[in-house]
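**Student:** Would you be able to build a 3D model of this:
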Amino acid sequence: MSEPRSKDPRPRDPFSVVPLLRGPGTTGSLTTVLVAFAANLLIAVAKSAAAVATGSAALVAEAAHSWADAGNEVLLLIADRRSRRPAGPAHPLGHGREAYVWSLFAALGLLVAGGAVSVTHGVQELIHPEPADRFLIGYVVLAVSFVLEGASFLQSARQARAEATELQRDLIEHVMATSDPTLQAVFAEHAAALAGRRIAAAVLAAHQLSVSATPDAVASILVGVLLGVTAVVLINQNRRFLVGVEADPRVREAVIRALLDLPEVARVTYLRLEIVGPRTVFVTGDVDLTGDDTESHVAVRLRALEAKFCASPAVAGTVLSLSAPDEPSLRV
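**Tutor:** Sure thing, here's the model as predicted:
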């Protein structure tokens with residue numbers, strides 16, 4: 001007779017079936033940021049050389065944009081690394097919110113090093129216009145940078161689309177709602193960059209045809225404004241997560257369903273999932289346990305249920321209380 005298999009002592013993860021609530025380790029954001037950094041570094045070097053060769057203000061603005069983006073990717077890599085540090089006595093909920101701090105720095109860098117520099121250079125070009133030449137170099141560099149930027153953008157879009165499908169969101173809705181600031185930043189920056197490339201190419205042609213530096217200077221200002229708007233949106237998104245925001249209602253409903261599927265849970269009367277890091281939440285809730293145990297047994301069962309919650313890499317901490325008999329059940 002074979003010996004009975006021993007039971008797994010580890011609590012089962014009740015959130016393993018919940019979309020986008022499987023912990024930060026499941027994200028492909030590190031790959032997305034690395035691809036973006038490599039692309040932006042190559043583009044920044046090429047644009048800087050082209051800006052020097054042509055004297056185009058639009059290319060100067062584009063070079064400043066790419067250098068800002070490359071620097072931002074470094075900050076996003078720091079954000080990804082530091083937010084993954086484990087919890088400890090001084091940080092019982094982990095370091096997930098560090099992702100929003102460093103991503104906020106990256107957005108400020110985009111605002112200053114990208115937007116402000118581009119606008120300032122455009123205004124100076126309007127006041128003291130300088131002719132540009134060697135336009136072919138500018139066109140080639142813009143074309144190559146468009147391809148590299150597009151490849152990086154597709155990587156971020158691929159990651160975002162896969163996640164959006166799980167939550168039945170469209171792509172843009174998911175990018176604006178995701179708790180992953182690195183994915184959000186890379187997607188937004190590259191979307192702005194691709195728009196900027198089109199502006200730069202159009203005004204480079206206008207400069208060549210009109211022999212006037214005015215379109216070039218105006219384009220530099222437009223690129224700066226575009227970067228500034230993108231940066232402000234990203235700053236506001238990171239501010240929201242630092243202040244505290246609840247998980248998407250669809251995630252909340254999926255968690256309630258997962259809880260009700262547990263044999264020890266009869267009802268859920270209150271549930272809050274506060275985002276404390278990329279794809280990481282802190283759970284507070286009121287539940288009605290099955291059976292009619294004594295107070296001491298109920299306390300043990302509650303602690304066991306909290307431990308089951310915390311078995312999920314997506315849960316930074318859990319506090320559960322008992323529901324009052326007259327409290328209405330949450331419906332999904």
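
**Student:** for this protein, what's the longest strand?
**Tutor:** strand 265-277 (DSSP state E).

**Student:** So which residue is smack in the middle of the protein?
**Tutor:** Residue closest to the mean C-alpha point of the chain, counted by Cα atoms, centre = their mean, is residue 181 at 2.3 Å.

**Student:** Now the host helix or strand of residue 175: buried residues?
**Tutor:** Using DSSP states H and E, residue 175 sits in helix 171-177. Neighbour-count burial for helix 171-177, counted by 16 or more other Cβ atoms under 10 Å, picks out 174-175, 177. Where C-beta positions appear, they are placed from N, C-alpha and C, glycine not excepted.

**Student:** Tell me how far the closest residue to residue 107 other than its chain neighbours lies from residue 240.
**Tutor:** Distances taken as Cβ to Cβ, 6 or more residues apart in numbering put residue 234 closest to residue 107, at 3.8 Å, once the chain neighbours are dropped. Between residue 234 and residue 240 the computed distance is 11 Å (Cβ to Cβ, to the nearest Å).

**Student:** And the two? Which one has more around it.
**Tutor:** Remark: of residue 234 and residue 240, residue 234 carries more neighbours, 23 against 13, as counted by other Cβ atoms under 10 Å.

**Student:** my guess is that one meets residue 183, correct?
**Tutor:** No: look at residue 234 against residue 183 with Cβ atoms under 8 Å: they stay out of range, at 11.6 Å.

**Student:** Contact partners for residue 177?
**Tutor:** 169, 248 (Cβ atoms under 8 Å, 6 or more residues apart in numbering).

**Student:** and the gap between it and residue 275?
**Tutor:** For residue 177, the distance to residue 275 - Cβ to Cβ - is 11 Å.

**Student:** need the next SSE after the one helix or strand residue 76 maps to, C-terminal direction.
**Tutor:** Using DSSP H and E, residue 76 sits within helix 57-83. Following helix 57-83 in sequence order, the next helix or strand is helix 98-109 (DSSP H and E).

**Student:** Does anything pack onto that next one? Which helices or strands?
**Tutor:** helix 57-83, helix 181-210, helix 214-243 (3 or more Cβ pairs under 8 Å, 6 or more residues apart in numbering; DSSP states H and E).

**Student:** what's the angle between that helix and helix 57-83?
**Tutor:** If you take axes from the mean of the first three to the mean of the last three Cα atoms, to 10 degrees, helix 98-109 sits at 170 degrees to helix 57-83.

**Student:** now helix 98-109: how far from the chain's centre is it?
**Tutor:** 10 Å (Cα atoms, centre = their mean, to the nearest Å).

**Student:** next helix or strand past that helix?
**Tutor:** Taking DSSP H and E, what comes next after helix 98-109 is helix 117-127.

**Student:** Tell me which residues are up against that following helix.
**Tutor:** 57, 60-61, 64-65, 68, 213-214, 216-225, 227-228.

**Student:** Can you select the buried ones from these in ChimeraX?
**Tutor:** Those of the contacts of helix 117-127 that count as buried under 16+ other Cβ under 10 Å are selected in ChimeraX with:
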select :57,60,61,64,65,68,213,216,217,218,219,220,221,222,223,224,227,228
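
**Student:** Tell me which other helices or strands the longest helix along the chain touches.
**Tutor:** Counting residues, the longest helix in the chain under DSSP state H turns out to be helix 135-166. With contacts defined as 3+ Cβ pairs under 8 Å, 6+ apart, the packing partners of helix 135-166 are helix 29-54, helix 57-83, helix 171-177, helix 181-210.

**Student:** Compare the ones you listed and give me the one nearest residue 135.
**Tutor:** Distance to residue 135, taken as Cβ to Cβ, is lowest for helix 181-210 among the helices and strands packed on helix 135-166, at 4.7 Å.

**Student:** Quick one: work out the angle between the closest one and helix 117-127.
**Tutor:** Computed by the same axes, to 10 degrees, the angle separating helix 181-210 from helix 117-127 equals 10 degrees.

**Student:** okay, the angle between helix 181-210 and helix 214-243?
**Tutor:** Angle, helix 181-210 to helix 214-243, by the same axes, to 10 degrees: 170 degrees.

**Student:** buried stuff in helix 181-210?
**Tutor:** 181-193, 196-197, 199-201, 203-204, 206-208.
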